[in-house]
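Trainee: Task: produce atomic coordinates for the following.
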Amino acid sequence: MTSLPVLEPAVDTACCPPAAPALGAAEAVGTAAVFKALADPNRLRLLSIVKAAESGESCVCDLTEPLDLGQPTVSHHLKILVDAGLLHREKRGTWAYYSLVPGALERIGELLESL
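Mentor: Reported below is the predicted structural model:
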């Protein structure tokens with residue numbers, strides 16, 4: 001009995017360009033946290049209010065009325081935005097002041113482009 005030669009499978013690299021690196025697990029968790037923070041209408045409004053402030057920052061005491069929410073609820077939303085790296089919190093006496101993290105909005109655009 002004659003054995004047949006073993007043929008190597010044909011690989012056509014011209015039809016399939018190399019895939020871009022996939023989003024890593026840790027990076028996906030961080031990206032999801034940002035998108036989850038942005039997925040709430042009240043948090044989007046808070047970002048908008050803080051961004052539009054003439055001084056570049058807003059006191060938590062000024063953020064309850066525009067949203068018609070209680071202070072604990074507003075503070076909860078602000079904490080999520082801080083934890084997602086979108087807002088910076090500075091405590092002054094009994095009040096907390098919030099400002100946009102420099103480059104945070106640009107980073108959101110970069111996150112979308114990287115997918």
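Trainee: From the centroid of this protein, which residue is nearest?
Mentor: Val34 (2.3 Å; Cα atoms, centre = their mean).
Trainee: Wait, that one touches Leu111, no?
Mentor: Yes - taking Cβ atoms under 8 Å as the definition, Val34 is a contact partner of Leu111 at 6.4 Å. Glycine gets a C-beta too; all of them are placed from N, C-alpha and C.
Trainee: ok, now how distant is the residue nearest to the centre of the chain from Thr64?
Mentor: Relative to Thr64, Val34 is positioned 24 Å away (Cβ to Cβ, to the nearest Å).
Trainee: which strands and helices sit next to the helix or strand bottoming out on mean pLDDT in the chain?
Mentor: Ranked by mean pLDDT, DSSP states H and E, the helix or strand of the chain with the weakest confidence is helix 104-114, at a mean of 84. Using 3 or more Cβ pairs under 8 Å, 6 or more residues apart in numbering; DSSP states H and E, the elements in contact with helix 104-114 are helix 25-38.
Trainee: what comes up buried for the helix it packs on?
Mentor: 31, 34, 37-38 (16 or more other Cβ atoms under 10 Å).
Trainee: Can I get it in PDB, CA atoms only?
Mentor: The C-alpha trace of helix 25-38 is given here as PDB (Å, rounded to 0.1, in the frame of the first residue of the first chain):
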ATOM      1  CA  ALA A  25     -11.300  41.900  30.300                       C
ATOM      2  CA  ALA A  26     -10.100  44.600  32.700                       C
ATOM      3  CA  GLU A  27     -10.500  47.300  30.000                       C
ATOM      4  CA  ALA A  28     -14.000  46.000  29.200                       C
ATOM      5  CA  VAL A  29     -15.000  46.400  32.900                       C
ATOM      6  CA  GLY A  30     -13.700  50.000  33.100                       C
ATOM      7  CA  THR A  31     -15.300  50.900  29.800                       C
ATOM      8  CA  ALA A  32     -18.600  49.400  30.900                       C
ATOM      9  CA  ALA A  33     -18.600  51.400  34.100                       C
ATOM     10  CA  VAL A  34     -18.200  54.600  32.100                       C
ATOM     11  CA  PHE A  35     -21.100  53.600  29.700                       C
ATOM     12  CA  LYS A  36     -23.200  52.500  32.600                       C
ATOM     13  CA  ALA A  37     -22.700  55.900  34.300                       C
ATOM     14  CA  LEU A  38     -23.700  57.700  31.200                       C
END
